[in-house]
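*Asks:* Sequence plus the predicted model coming up.
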Protein chains: 2
Amino acid sequence: MPIPKLAQGFEKAGSIARQRYKMAEKITPRETDYSQWYIDIVLNAKLADYSPVKGSMVIRPRGYAIWERIRDEFDRRFKETGHSNAYFPLLIPMSFLQKEAEHVEGFAPELAVVTHGGGEELEEPYCIRPTSETIIWSMYKNWIQSWRDLPLLINQWANVLRWEKRTRLFLRTSEFLWQEGHTAHETEAEAVEETLKMLEVYRDVVERYLCIPVIPGVKSETEKFAGAVRTYTIEAMVQDKKALQAGTSHFLGQNFAKAFDVKYQTREGTLDYVWATSWGVSTRLVGAVIMTHSDDKGLVLPPAIAPEEVVIVPIYKNESKAAVMEYAGKIFSQLKDLGLRVVLDDDDSSSPGWKFAEWEMRGTPVRLEIGPRDMQNGKAVMVRRDNGEKTVIDAAQAGEKVKETLAFIQTSLYEKAKAFRMANTKPVANREELLAFFGAEGMGTADAQGGFAEALWCGSAECEAELKAQTKATLRCMPLDRQENISGTCALCGAPAKHRAIFARNY
Amino acid sequence: MPIPKLAQGFEKAGSIARQRYKMAEKITPRETDYSQWYIDIVLNAKLADYSPVKGSMVIRPRGYAIWERIRDEFDRRFKETGHSNAYFPLLIPMSFLQKEAEHVEGFAPELAVVTHGGGEELEEPYCIRPTSETIIWSMYKNWIQSWRDLPLLINQWANVLRWEKRTRLFLRTSEFLWQEGHTAHETEAEAVEETLKMLEVYRDVVERYLCIPVIPGVKSETEKFAGAVRTYTIEAMVQDKKALQAGTSHFLGQNFAKAFDVKYQTREGTLDYVWATSWGVSTRLVGAVIMTHSDDKGLVLPPAIAPEEVVIVPIYKNESKAAVMEYAGKIFSQLKDLGLRVVLDDDDSSSPGWKFAEWEMRGTPVRLEIGPRDMQNGKAVMVRRDNGEKTVIDAAQAGEKVKETLAFIQTSLYEKAKAFRMANTKPVANREELLAFFGAEGMGTADAQGGFAEALWCGSAECEAELKAQTKATLRCMPLDRQENISGTCALCGAPAKHRAIFARNY
């Protein structure tokens, strides 16, 4: 190539080209089998693969690149809000788990246990962390003496393991990657404020960066984190109308401080237990992105997290190749100079049509098609991945035009997902409507639209359990902004209502 | 504060101030007890802490911040050289380890074994990865069919676990964080080139970014990675003259391809096993940095990896406080605007002297002291952490001056460490000199200076073993640039020499 600046871009496209997808495997349409559609996308877009380890998956480079962008954005936001990263041991002495009664009850069935180390049987077995509250609070005991040591605002990026019987790539695997924030505070009010602040960080990143609209709310006692006083959640709806929990933030009260005896000297000179929070998001978010935006042609990615924002596909015959490539190279440079993540697919071994399908499978938000006629007219054809819209643009303004379009796509994906959720959320007044909504047995299917049912609820676990038994729907959350002026009766039992809640089937 | 721009900086200093170190614990001088000096620095500078899990440590926020900077620089370089990140399972079926004979022999004694999961005993136990060759090559078998799939250039950032009896914070712990590159190639030559390319990336980052001079070389058969054909290393010397292996890059030949039956269709249409490399650096590098540069006052950090490059300590009495703080605030802004990582220590509860000692302990490369007289003269006092040098600088040029000084420090730390290694490296001709150099029993102590002994070697493992038995010194490497014109006899057995090697005691 005559222009040295292009070398890296061309090289990159070359190596991608050598690893062409096999397009033989078609993607099952959503209508036919939603679960299979999801698996087809994950495997064909090479985001992840099954592994020989039961319940664990491999995150492949294209999946990991998406995770890296999600992770970096969260990390930036955590640091902006005063948190530091640290790293705690993978292994936790079994006895630590038992110090918080609800915590061990919740996690014991999911533990992987290390019984041998260095060729010997261990005196006390370790479990692999399912979450790190216990090991972290055993350290906080040494680090916190006085109010001067507070707040302690620590986050950890780590792998965790929870033995799962039924797994689904990204959404539920035994091992997964996540971050877990663990903070300690002087007062209850400050800890609650922190819990809500981090929930808001989650909401903001998930909505603006991943384009997934969510409902922030409180979990019921049944669904809360084992060891928490109160669990906050952000709940998303994916394309089969099921709910997907996208992140949780827990107010832990003084539960772990008491379990690990973490007291501090107050400003008044007395001793008191500290107040705690923990909060986490995981690689499950990659699954949420796929399920929310993709279509029957493959992955659809929000520009913010796409490994490549734009692909340029040159179209030429032998005689026009040199000229078209030079023209495409100039547009490539223009986009690169604007800081766009762009790739020029210059692979000679596949046809433009093949490339279009392939980059659609990969979810690249914008494609520029450039042929001899475009070149003669100083144009390029811009195609949006999200809606297939084609526009002829001036090559001279290609960079600005693509940038603008990427911003449109980012907004438009969010709006589309939000409209879908709104269309599939229904207020439900009583037991009959609720059962019908979820198509419970004997209720007919006419009203069984599924989705989010918004209903008044008395607060009892029995009502939750009964609905779950009949419909598999669970109480996803009590939306934070819908708890005022509660009057009326529980949709399930008819007792006076205390909350407004969202019920749905879920992942 | 009147200047809103400063708010974040002040806030940060405030939160640091609230977590003042206890200066009560003094650091043991290196002369008295080098091992204890090292531990004192790690604990007092709050880089890491002991954990309740045998052999595992906790990396505290200040230690993790250093690791983040090291990690990010390597990650940038790996991507620049065409590698992508991915993530493979933590657990490895025990049977996988056994597929490569040398590999299992090397790692079996160090394994942690998971025998129970989800409340049941497992049919086949898993080990926690001590390194990931086996699980990764079990996947490569599915991903590699043709030369078009090669080279496959993947890196993983992960935790690994090797059961260790004797541990040392950062330098040797059962669990540690690292990256492991795993690549597959068409030809032997290409794999060897990759092995050396990554060794060179390691050398460059460790020398230029961490200011640690290293000797790139080849390991002996005794010391090579279990499963490798050939292991390359970069070896550093720390302040007690012991060697520290700072990174390794392995040419694996076709060993793992054969163990996992990974064949590819060549360009000629035949089938052949692929060629492999693996390479890794770990959190041990944080220990290497501490041991190489620090002194009896505490940590000394290369500016490139220091969480803060500059600390500003204002000095005032009540009546001068407002004016000094405003003046200091302006200098803070000036530095910040230049992109420097700067903190203004505005904590009223400790004295300037206390702050000086504390930031020295933390290893912050440059300190600016600013008092009423400096303010009147438009000056500031700049103090270098590495050599204590004080300079009065013009406040108007503070930013440029500090930047220049940071660059000096970065170079000077490297030069100092290199001079130290040169002064403690000695050519040794024969057995007597070699034993005397390491102060072997019965050899007197006059010549027992220790350090790196450069000697000719016949290539036999017996000579290595004998020296180790008598002196604890091992063959660290055969330096890549010192293997020409070998003539003479092995310093140990007198047989014809084949290599020039560095012998040393090591961490």
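*Replies:* Right, received. Where do you want to start?

*Asks:* Tell me who's in contact with the residue nearest the centre of chain A.
*Replies:* Per Cα atoms, centre = their mean, the C-alpha nearest to the average position across chain A is that of residue A:285, at 1.4 Å. Contact analysis of residue A:285 by Cβ atoms under 8 Å, 6 or more residues apart in numbering or on different chains lists A:70, A:206, A:210, A:246, A:247. Backbone N, C-alpha and C define where each C-beta goes, glycine included.

*Asks:* In three-state terms, how would it be classified?
*Replies:* Here residue A:285 is helix, with the state taken from DSSP: H, G, I helix; E, B strand; the rest coil.

*Asks:* how distant is the strand or helix carrying residue A:399 from the center of its chain?
*Replies:* Take DSSP states H and E as the rule and residue A:399 turns out to sit in helix A:398-423. For helix A:398-423, the distance from its own C-alpha centre to the chain's C-alpha centre is 18 Å (Cα atoms, centre = their mean, to the nearest Å).

*Asks:* Show me what it is packed against.
*Replies:* If you count contacts as 3 or more Cβ pairs under 8 Å, 6 or more residues apart in numbering or on different chains; DSSP states H and E, helix A:398-423 packs onto strand A:230-237, helix A:284-293, helix A:321-337, strand A:366-370, strand A:379-384, strand A:390-394.

*Asks:* May I see the buried residues of it?
*Replies:* By neighbour count with 16 or more other Cβ atoms under 10 Å in any protein chain shown, helix A:398-423 contains the buried residues A:398-399, A:401-403, A:405-406, A:408-410, A:412-414, A:416-418, A:420-421.

*Asks:* In this model residue A:258 seems to touch residue A:273, though I could be wrong.
*Replies:* Yes - between residue A:273 and residue A:258 there is a contact under Cβ atoms under 8 Å: 5.7 Å.

*Asks:* does residue A:160 sit in a helix or strand, and which one?
*Replies:* Using DSSP H and E, residue A:160 falls in strand A:152-161.

*Asks:* brain fart, residue A:449
*Replies:* Using DSSP H and E, residue A:449 falls within no helix or strand.

*Asks:* For it, list the residues it contacts.
*Replies:* Residue A:449 neighbours (Cβ under 8 Å, 6+ apart): A:241, A:424, A:426, A:437.

*Asks:* correct me, but residue A:213 touches residue A:417?
*Replies:* Yes - under the criterion of Cβ under 8 Å, residue A:213 makes contact with residue A:417 at 5.4 Å.

*Asks:* okay, and the common contacts of those two?
*Replies:* residue A:237.

*Asks:* Tell me how far the closest residue to residue A:486 other than its chain neighbours lies from chain B.
*Replies:* Among residues not flanking residue A:486 along the chain, residue A:497 sits closest, at 5.6 Å (Cβ to Cβ, 6 or more residues apart in numbering or on different chains). Note on residue A:497: its distance to chain B, by Cβ to the nearest Cβ, to the nearest Å, is 38 Å.

*Asks:* pretty sure residue A:497 is touching residue A:487, no?
*Replies:* Yes - using Cβ under 8 Å, residue A:497 is in contact with residue A:487, at 7.3 Å.

*Asks:* Distance of residue A:55 relative to chain B?
*Replies:* For residue A:55 relative to chain B (Cβ to the nearest Cβ), the value is 8 Å.

*Asks:* mind checking the SS state of that residue?
*Replies:* coil.

*Asks:* What is the neighbour count of it?
*Replies:* Number of residues near residue A:55 (other Cβ atoms under 10 Å in any protein chain shown) recorded here: 21.

*Asks:* Three-state assignment for the residue sitting furthest away from the middle of chain A, please.
*Replies:* Using Cα atoms, centre = their mean, the residue of chain A lying farthest from its centre is residue A:319. It sits 47.3 Å away. Counting by three-state DSSP, the backbone at residue A:319 sits in helix.

*Asks:* Please report how far it lies from residue A:372.
*Replies:* Using Cβ to Cβ, to the nearest Å, residue A:319 is found at 9 Å from residue A:372.

*Asks:* How about residue A:59?
*Replies:* For residue A:59 relative to residue A:372 (Cβ to Cβ), the value is 41 Å.

*Asks:* again with residue A:334
*Replies:* For residue A:334, the distance to residue A:372 - Cβ to Cβ - is 19 Å.

*Asks:* Then residue A:248?
*Replies:* 55 Å.

*Asks:* Looking at those two, which one has more neighbours?
*Replies:* Remark: of residue A:248 and residue A:372, residue A:248 carries more neighbours, 25 against 17, as counted by other Cβ under 10 Å.

*Asks:* I'd guessed the more buried one sits against residue A:235; true?
*Replies:* No - using Cβ under 8 Å, residue A:248 is not in contact with residue A:235, being 9.9 Å away.
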